[in-house]
Structures are given as C-alpha cells and as structure tokens.
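[1] Provided below for reference: sequence and predicted model.
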Amino acid sequence: MHNNSNMENKEIKIPAEFADIAPISDKDFHNEMSILVEEPMFKHIIRMVLPDYKYNQLKHILLALNTKQEFQVKVMRPFVEGIVKKTSSGLTTSGLDDLDKETPYLFITNHRDIVLDSAQLSYSLVTAGRDTCEIAIGNNLLAYDWINKLVRLNKSFIVKRNLGRLQTLAAAIQLSSYIHFAIQQKKSSVWIAQREGRCKDSDDRTQESLLKMLTYGNREKSFIESLKELNIVPIAISYEYDPNDYLKAKEFLYKSKDPNFKKSQDDDLESMRTGIMGFKGQVHYAFTPCINEQLDKIPADLDKFLVLRRVCNIIDNAIHCNYKIFKTNYMAHDMLFDDKQFADKYTPEDLEGFKKYIGDQISKIRTDLNDFDRYYLFYRMLQMYSNPLTNQLEALK
C-alpha cells in the first residue's frame, strides 16, 4: 500500500484566496482533529455508525494522525472497506489500469449517493496503489461546523451554494480557480459530480453550468484548452440496488403534490445514513479514457453553445455506454414498457423478487399512501432502474 508521504511533506502552500474552501493543510491537521474529536455530535454519529468501536480507541487513532493522506489510508480505507463488505455484494472497477498513474485527473461521475460516490472512488484508487483525490462537496450538506471540519480533514473542498447572483459568480470563479490549482500546481486528482444534487431518476446528464464553471478558473485560454488542462475522466457508477430509491421516489411524490416542496436538513442526513448503511447489491465503477483527444476533434469555429453541448454529450456518452447493467435494470425496463425484450436476462423468480423488493421499499415510507400514491411511487422506481438501460441503448445506436 503506497503512501505518498513525500508529496505530503512538501505540501504546496494554499493561496489565501482559497483559504475558506480548500482542504485543511497538513500543518494544521493535528490541531483541527483535536478539536473535532471533542465535538459531542461527532462522538454521537461515530457511535451510531461504528457501534463495535470504543470511542476512546478511535479518538486515540485519530489523534495519532498527522496528514490527510494518513487519515484516508488508516481510517477511511478500512471504514469504507467495512461498509462495502456489510452493505454490498462487492465493489468492482474497470478501466483504472488504463489511466496514467502520474497524471492528475478531474473525475466526473454520475451522482448516486451523497457520501459514497467519492468515498468508494478514493477507496478504489488507494486499493489500486494510487493517490486518493480531492472531493467537491456542497455546503448545503455541511449543516454543522464539525461536518465542515471533518470533510476538509478528509481532502474535501467546499462548493458554495444558495448565494445571490453576484456572490454566485464570485464563488464559481473561486471554485474553478481552485480546481485548476489543485490539478496544475498540487498535481492532485479531483472528484466532482456531473450535476448539482443526486440524479433522482437515474437519467444521468451533465449540467452545462458545471462545464462553464470549470473554465472560469483559466480565462486566458479558450473554453476547450481550459477544459483540457483538467484531464477530464468520466466515470460511470452503477448500483444493482439504490438504498435511497424509495426516498427519491417519495421526494417526487411530495413535489408532484406541492411544487415548492423542499427537503429539510434532517432529510439530507437521513439520505446520507440510508445511502451509507443500506443494501446496494453489486456496485461498479467504470473508469473511461480521458476526453482530451475527443475535445481536440471539436471544430475551432463551432458556435460556443454547440461546443458546450458537444462536451456534455462526450461525457454523457462515456457514462451511458460504460454503465454496468444489472438484472434490476433489465427487469424494470421490461416492466415499465410492458415488454419481454430482456426476458433472457432474468428468471420469473428474479422478477417476483424484484417486485417484492419495490413493494417492501415503498412500505418504508411512513406516511398514509392511497392506491394512486403507491402506483406513482412504483412507476417512479421502475423509471429509476430502467433509465440507465434506456440511455445505454440510445448511446450504443
């Protein structure tokens, strides 16, 4: 297991303009960790997530750490490994060996889970003997100061959300400049989701605003050259079962009745907990090639709007084509379209089991549901599981 301690010892100084969003520097790591471990709510959450651990033991381990890399290798790696063993049938990857070990990349993935998308990515990188990556995380999830501290000790940087118009632009320039700095100067890979917020219906599409933001950090260069600096690698994250499927369906139901419905911070924390501890079946991360060669093929005189669409399509196509399709996707597709197109991919017993699974998930929603509500939730969950297959069939045409 390699630990890139040389890089950590010579950690590049973070410019003051990034001080409020960048990961906590290693020179401040111990001091910040010693504050975190005394936080009552942090203790409470750790006891809930790791009931087999004595808190004082863990505190002792945390206070012996000196760098973010050590934290990821000695604490986060075994933690994620334990979660994977307990809540999935296994985490697999493809395509990682084809990526250069020395090149820092911007990993752009579809967004399935608030916590695990990036945690399982870093775990896969560490397990393959590579450096972990820095993680973009929205400040809407940082309900408490201690969560802010924890994620920044764990190589995360902050995406500021819900600001006024002028502040939004300033925050986007700061964020983009930091991502360019991390990749160009720190030589650190970075993870960011292809859209703000998880994709609720699994119809994975890259937000144009994300790509625009990524180029704000180097405006001396053209749009394409600025993106090429980041060495973008799309990754398709596939879950056999999404533990949050019923919560996502419930949100659709509430929004259909009240367009102004907004989730509370408690809802976000419930999604986090369910995503971490719920059963996932098989999980697969498909690393696809860096898109720079495809970016080079975009005509220089193409309209800016069309260039943006083309880049979104390149990323989406990579994710759609490389998504690992499971039985759940085939069954949902056939049920949704009242078809037997993929009947050779599963047995009648599989189908009965899947119907029961969806019914059981819906019954976890602790509110009074009428027959129409149940039908609506059932339909939404079928959509969720069939969309990745629908998109793949379209992309492979």
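    Arrived safely.

[2] Quick one: end-to-end distance for stretch 132-148.
    19 Å (C-alpha to C-alpha, to the nearest Å).

[3] Quick one: residues in contact with it.
    Outside stretch 132-148, the residues that touch it by C-beta atoms under 8 Å, 6 or more residues apart in numbering are 23, 36, 39, 41-42, 69, 72, 105, 107, 114, 118, 121-122, 125-126, 151, 154-162, 175, 179, 182, 188-193, 196-197, 265, 268-269, 272. Using the backbone N, CA and C atoms, a C-beta is placed for each residue, glycine as well.

[4] Which among these count as buried?
    23, 36, 39, 42, 69, 72, 105, 107, 114, 118, 121-122, 125-126, 151, 154-160, 175, 179, 182, 188-193, 269, 272 (16 or more other C-beta atoms under 10 Å).

[5] Select the longest helix from this protein.
    Selection of the longest helix in the chain by residue count, based on DSSP state H, yields helix 371-395.

[6] and the buried ones among the contacts of stretch 132-148, which of them are in helices?
    36, 42, 69, 118, 121-122, 125-126, 151, 175, 179, 182, 269, 272.

[7] With respect to residue 313, which of those residues is nearest?
    Residue 313 has its nearest neighbour among these in residue 179, at 21.7 Å by C-beta to C-beta.

[8] mind listing what the residue nearest the centre of the chain touches?
    Residue closest to the mean C-alpha point of the chain, counted by C-alpha atoms, centre = their mean, is residue 117 at 3.3 Å. The contact partners of residue 117, by C-beta under 8 Å, 6+ apart, come to 109, 111, 191, 193, 237.

[9] how distant is the helix or strand where the last one lies from the center of its chain?
    With elements delineated by DSSP states H and E, residue 237 resides in strand 232-239, which encompasses its position. What separates the centre of strand 232-239 from the centre of its chain is 9 Å, taken as C-alpha atoms, centre = their mean, to the nearest Å.

[10] Then stretch 257-264?
    So, by C-alpha atoms, centre = their mean, the centroid of stretch 257-264 is 23 Å from its chain's centroid.

[11] where in the stretch 51-200 of the chain is pLDDT low?
    Within the stretch 51-200 of the chain, no stretch falls below the threshold (pLDDT under 70).

[12] Can you show me the strands along it?
    90-94, 106-109, 134-138, 156-159, 190-193 (DSSP state E, counting those that start in this stretch).

[13] Can you give the contact residues for the first one?
    In this case it means strand 90-94. Contacts with strand 90-94, where a contact means C-beta under 8 Å, 6+ apart, come from 84, 120, 123, 124, 128, 282, 283, 284, 285, 286, 287, 322.

[14] just the second one next, same as before
    For strand 106-109, the surrounding residues in contact (C-beta under 8 Å, 6+ apart) are 117, 121, 133, 179, 183, 189-194, 206, 210, 214, 230-237, 285, 287, 315, 319.
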